[in-house]
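Quick one, structure for this:
(one chain, ligands or ions: 1)
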Amino acid sequence: MADMDGFREATNFASNQLSKMDNFHVKGASNLPWGMKDRLSRIFNPHTGRTVMLAFDHGFIMGPTSGLERIDLNIVPLVQYADCIMCTRGILQTSIPANLNKPVCLRSDAGSTVLTDLNRNVLIDMEDAVRLNASAMAVMFSAGDGDREAITAANLVKAVDLGNRYGIPVMGVTAVGKEMARDARYFALASRVCAENGASIVKTYYCEGFEKIAVTCPVPVVIAGGKKLPEKEALELCFNAINDGAAGVDMGRNVFQSESPAAMIQAVHAVVHDGLTPEQGFEMFQDLSGK
Ligand code: R5P
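I've put the predicted structure just below:
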């Protein structure tokens, strides 16, 4: 009898653990293989389900843009405050110490610069993502963008196919054609297409009606920060995005172009993970930057 009770207890424990696994903290990831889940858990904090990605892949399009002239001085000191970093393999290998041990969302497509037509991207060799121990690969999909729509969709699909082989999730980076309005209708379409093609994370932009983008996308949506805003407005953007269903931010210029980047990323982190209001976040920014 005592043996039976012990067996029942063990069975209940096992089934509780299994049902906890079903409630995996990353949206849409419950049925993914272990390796994918492990990588997603490095990016999305298991306690909050959210992430602060520090994006500094801009140089592959813009060159040494403002705030990214010296990765060693401008970015390396900030890495400790991010959940994940997003950059190209060239910057990772030359400028980011491997012993910082930070999950990497590797920019895995490359193409034209700001000097020519954008979006005619090709994929890097996916095995490089394995060699670099990437936790995710970021690949652009440009919706409604002439022949570039098909080129970028093919890149995304190929990245997902290879990512599935190696257990590396793909983040779909949404873009829309120049004629498209940058609104919820087109970002929702682009986000959903990324997820339908197998992306495990989607990066898009915050806009009016963002709830629709988040709710109709079956995987976590993170928002880019976009052009530099005053710090308080950038914190409002983070707060509103989280409130409207974003799973975090993938933020670049609003951090590294801030007058106090280390203070800014810590304030962003507190808004995303600790529920600070924009006012509280801004107060934190001022305190940390010594204002
Ligand atoms: C754009 O293609 C890049 O992927 C950036 O990483 C992304 O837009 C986030 O950077 P920012 O917050 O500066 O917009």
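
The stretch 151-291 of the chain against the ligand: which residues are in contact?
V173, A224, G225, G226, D250, M251, G252, R253, N254 (C-beta under 6 Å from any ligand atom). Where C-beta positions appear, they are placed from N, C-alpha and C, glycine not excepted.

Now list the buried members of the residues you listed.
V173, A224, G225, D250, M251, G252, R253, N254 (16 or more other C-beta atoms under 10 Å).

Now the stretch 51-200 of the chain against the ligand: closest residue?
Here the stretch 51-200 of the chain gets closest to the ligand at one residue, A55, 3.2 Å apart by C-beta to the nearest ligand atom.

who's that residue bridged to?
Counting by DSSP bridges, A55 forms beta bridges with M86.

OK, contacts around the closest residue in space to F210 that isn't next to it in sequence?
In space, and not counting its chain neighbours, F210 is closest to D244: 4.4 Å by C-beta to C-beta, 6 or more residues apart in numbering. D244 makes contacts with Y206, F210, E211, A214, as judged by C-beta atoms under 8 Å, 6 or more residues apart in numbering.

from those, which two are the most distant?
Y206 and E211 (10.8 Å; C-beta to C-beta).

So these two - more neighbours on which side?
Each of Y206 and E211 has its neighbours counted (other C-beta atoms under 10 Å); Y206 has more, 22 against 14.

my guess is that one contacts V222, does it?
No - contact criterion C-beta atoms under 8 Å: Y206 and V222 do not qualify, at 10.2 Å.

Closest residue of the stretch 101-250 of the chain to the ligand?
Closest point on the stretch 101-250 of the chain to the ligand, by C-beta to the nearest ligand atom, is G225, at 3.0 Å.

Touching, that residue and R253? I think so.
Yes - the pair G225 / R253 is scored as a contact, 6.0 Å apart, by C-beta under 8 Å.

for the chain, what are the low-confidence residue spans?
1-4, 8, 11-22, 117-119 (pLDDT under 70).

mind running it again at 90?
1-23, 61, 110-122, 124-126, 145-147, 176-182, 291 (pLDDT under 90).

And the strands in it, which stretches?
For the chain, applying DSSP state E gives strands covering 51-55, 84-87, 104-107, 109-110, 122-123, 136-143, 170-176, 201-205, 221-224, 248-251.

helices or strands up against the second one?
I take that to be strand 84-87. Helices and strands touching strand 84-87, by 3 or more C-beta pairs under 8 Å, 6 or more residues apart in numbering; DSSP states H and E, are strand 51-55, strand 104-107.

mind listing what the last one pairs with, with the direction of each?
What that stands for is strand 104-107. The strands beside strand 104-107 in its sheet (DSSP bridges) come out as strand 84-87 (parallel), strand 136-143 (parallel).
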